[in-house]
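> Quick one, what's the 3D model for this:
(chains A and B)
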Amino acid sequence: MQPLFIYNTVTRKKEEFKPINPPFVGFYVCGPTLYSDVHIGNCRTFTSFDIMYRYLLHLGYKVRYVRNITDVGHLEDEVAGEGEDRIGKQARIKQLEPMEIVQRYSFGFREVMSLLNTLPPSIEPTASGHIPEQIEMIENIIKNGFAYVEDGNVYFNVEKFAEANNYGILSGRSIEDQLNNTRDLDGQQEKKGRLDFALWKKAKPEHIMRWKSPWSIGFPGWHIECSAMSQKYLGNTFDIHGGGMDLIPTHHTNEIAQSVGCCGQAPVNYWVHTNMLTLNGQKMSRSLGNVFLPVELFTGKKLSSNSPSATPSQAILEDKHPLFDKAFSPMAVRFFMMQTHYRSTLDFSNEALTASEKGFERIIDAFKTLQNLTSSNSSSEDIKALQQKCYDAMNDDFNTPVLIANLFDAVRIINSCNDKKLNLTQNDIEVLKTIYNDFVFNIMGLKLEEANNKANNVLDNVVNVLLNMRNQAKTDKNFTLSDEIRNKLIEAGIQIKDSKEGSTWKLN
RNA sequence: GGUCCUGUGGCCGAGCGGCUAGGCUGAGCUCUGCAAAAGCUCCUACAGCGGUUCGAAUCCGCUCGGGACCUCCA
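Next comes the predicted model:
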């Protein structure tokens, strides 16, 4: 098996990946809080982890990929432990059951992720479906002396925990630093320490979602769900835990504290974090309001304010979106995301996206050319070496930009062979097909977008009739007619490519 | 204010001490009836100033930009 190196946030180094129980791999990713539609920045994160999941599968690992859905417990003001539950608030505003809110947005979330061709996780557990597990974990944390009860609320005692443990192991910040350099905050009256966080909250009367617990009728804190669910499905210590970088200092830091506080062992061997998607250099986030939605990017249009949802198949759209020059297909967007490494910020712009789209088309066009390549007895290229370079790129912390650079080498070789400017053996051609199948389709998760339906077959036939007429005109040196056919087809959105073997076409 | 990350050619974006990715754009050439497509060639950059080194985009220091986190966020 290829040695794979993964950047570990804990050590801040790339480390060789060694699973606890090969070939099994436990992989947990913090999923979305479904109180509104996911935006394209959320999608970037889940797409990045999809590449990792796909590559691990390709390498032969048996991966259990768990990605949670947060449907309860995420307060508007986490640090104070105050404010409404985010989902409960939307439920109240929209006069729906909280589960209706979650159902609506999880439907949209899944549809968008499916359009982006991400594989579904093995398990998608919800926080509300794991209340007993969370209560049991809280009981253990209390038993171990790391949490205290205050008027029906349970808080994690961070300073107590930090006496014997490195609380800031992920963020690299010392406990003193965190205690002393925090902004002034309100609503801290119940907590003993300013870094303490809620494990269980007593429900106020207006709170819709509530469960019985030993401490009060209430609901779990935000961080405990991931600790409880990852432990349930992956064990006390598992291989990889991922999430957005913005989760490092609070959510993941507290997750570690809870798990260690409960079980006395580090929950995760490799912590992996993806960088943010930015818009004009600024992080895209729901709280900043600078978000746009996948459906808007895929259509180039603005979501109508009276659209019941942003689920692509149901969205009501208005005029052209002010941010986009045009629509960008999900696969072009996916390719665009992969041209930047997952640990770098990805800045959105029409120019960058258009450039990616063209590059992606070139890769797909070369794949079609590859199917009809003529082989030679000798070869002028080292295709096996190219294949290994593709693996080297992925083994180096999932370096998709370098992988793509290597694939463009393959594109050049394919096109040159097609132009009879270099030679490939039949075996080379088979290896190139394997490279495409493995890296482009299976690992990067790209796919051909034209639907192979009846209408397309008819179109294919119709265009071929016209191309034959044009070729006859060319043979007859009737260039007025041949050019007219070409120009009319271009106007109709069809681009013709002539070659020695004949003419092909594609949609523009 | 504190902690950390970052600054690469017209644009995007790799790079982790030597062999100067890749894409997009632009120019020229080949092919072509003319185009398009494709191929080839060219435009060879590392914010600034110092330092370490035989050698630095890459390490160190300072200066100036940009960003993230320290409150919820993927």
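> Compute the number of surrounding residues for the residue in chain A that RNA strand B sits nearest to.
Minimum separation of chain A from RNA strand B (CB to the nearest atom of the strand) falls at A:Gly244, amounting to 1.7 Å. Where you see a C-beta, it was placed from the backbone N, CA and C, and this is true even at glycine. A:Gly244 has 23 neighbouring residues, counting by other CB atoms under 10 Å.
> which ones are touching it?
By CB atoms under 8 Å, 6 or more residues apart in numbering, A:Gly244 lies in contact with A:30, A:45, A:273-274, A:276.
> Below-threshold pLDDT in chain A: ranges please.
A:73-83, A:181-189, A:450-452 (pLDDT under 70).
> Okay, domains of it per the record?
A:5-279, A:350-449, A:454-507 (automatic domain parsing).
> Including distance to A:Pro294, could these go into CSV?
Converted to CSV, those look like this (distance: least, CB to CB, whole Å):
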stretch, distance to A:Pro294
domain A:5-279, 5
domain A:350-449, 13
domain A:454-507, 22
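> Between these, which one is closest to A:Asp325.
Each of the domains of chain A has some distance to A:Asp325 by CB to CB; the shortest is domain A:350-449, at 4.6 Å.
> circling back: restrict the contacts of A:Gly244 to contacts with RNA strand B.
A:30, A:45, A:274, A:276 (CB under 7 Å from any atom of the strand).
> Highest neighbour count among these?
A:Thr45 (27 neighbours).
> Would you verify that it is located in a strand?
No. Assigned with DSSP: H, G, I helix; E, B strand; the rest coil, A:Thr45 falls outside any strand and is helix.
> which residues pair with the residue of chain A closest to RNA strand B across the strands?
A:Thr274 (DSSP bridges).
> re the thing from before, now, which of the ones next to RNA strand B among the contacts of A:Gly244 sits nearest A:Thr253?
When these are compared against A:Thr253 (criterion: CB to CB), the nearest one is A:Cys30, at 12.7 Å.
> Pipe the contacts of A:Gly244 into TSV and attach distance to A:Ala327 per row.
Compiled in TSV, the contacts of A:Gly244 are given as follows (distance: CB to CB, whole Å):
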residue	distance to A:Ala327
A:Cys30	30
A:Thr45	23
A:His273	31
A:Thr274	25
A:Met276	24
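> A:Cys125: neighbouring residues, count only.
Actually, residue A:125 is Pro rather than Cys. 21.
> show me the contacts for it.
Contacts of A:Pro125 by CB under 8 Å, 6+ apart are A:66, A:68-69, A:229, A:232-233.
> Get me the contact residues on the stretch 201-350 of chain A for RNA strand B.
Counting by CB under 7 Å from any atom of the strand, the stretch 201-350 of chain A sits next to RNA strand B at A:222, A:243-251, A:274, A:276-278, A:281-288, A:339-341, A:344-347, A:349.
> What subset of these is buried?
A:222, A:243-248, A:250-251, A:274, A:276-278, A:283-286, A:339-341, A:346 (16 or more other CB atoms under 10 Å).
> Among these, which lie within strands?
A:243-244, A:274, A:277-278, A:283, A:346 (DSSP state E).
> In those residues, find the pair that's most separated.
A:Gly243 and A:Thr278 (17.8 Å).
> For A:Gly60, state which of the ones next to RNA strand B among the contacts of A:Gly244 is nearest.
A:Thr274 (24.1 Å).
> wait, isn't that closest one in contact with A:Gly242?
Yes. A:Thr274 is in contact with A:Gly242 according to CB atoms under 8 Å; the separation is 7.1 Å.
> list residues touching both of these two?
A:Phe49.
> and A:Lys89, how many residues sit next to it?
The burial count for A:Lys89: 18, using other CB under 10 Å.
> Verify the stated contact: A:Leu422 with A:Asp382.
No. Contact criterion CB under 8 Å: A:Leu422 and A:Asp382 do not qualify, at 11.7 Å.
> More neighbours: those two, which one.
Using other CB under 10 Å as the criterion, A:Leu422 and A:Asp382 rank with A:Leu422 on top: 16 against 12.
> which ones are touching A:Ile248?
A:Ile248 touches A:9, A:170-171, A:273, counting by CB under 8 Å, 6+ apart.
> Of the residues you listed, which count as buried by neighbour count?
A:9, A:170, A:273.
> Verify the stated contact: the last one with A:Arg343.
Right, the one you point to is A:His273. Yes. In this structure, A:His273 is within contact of A:Arg343 by CB under 8 Å, at 7.4 Å.
> What's the first helix or strand after the helix or strand harbouring A:Leu403?
A:Leu403 is part of helix A:400-418 when elements are defined by DSSP states H and E. Sequence-wise, the next helix or strand downstream of helix A:400-418 (DSSP H and E) is helix A:426-435.
> From the contact counts, what lies against the helix or strand that contains A:Phe49?
Using DSSP H and E, A:Phe49 sits within helix A:40-58. Applying 3 or more CB pairs under 8 Å, 6 or more residues apart in numbering; DSSP states H and E, one finds that helix A:40-58 contacts strand A:24-29, strand A:62-67, helix A:98-115, strand A:238-244, strand A:268-274, strand A:277-279, helix A:294-299, helix A:330-338.
> how does it look with 7 Å?
strand A:24-29, strand A:62-67, strand A:277-279, helix A:294-299, helix A:330-338 (3 or more CB pairs under 7 Å, 6 or more residues apart in numbering; DSSP states H and E).
> in that helix, what counts as buried?
Applying 16+ other CB under 10 Å to helix A:40-58 flags A:40-57 as buried.
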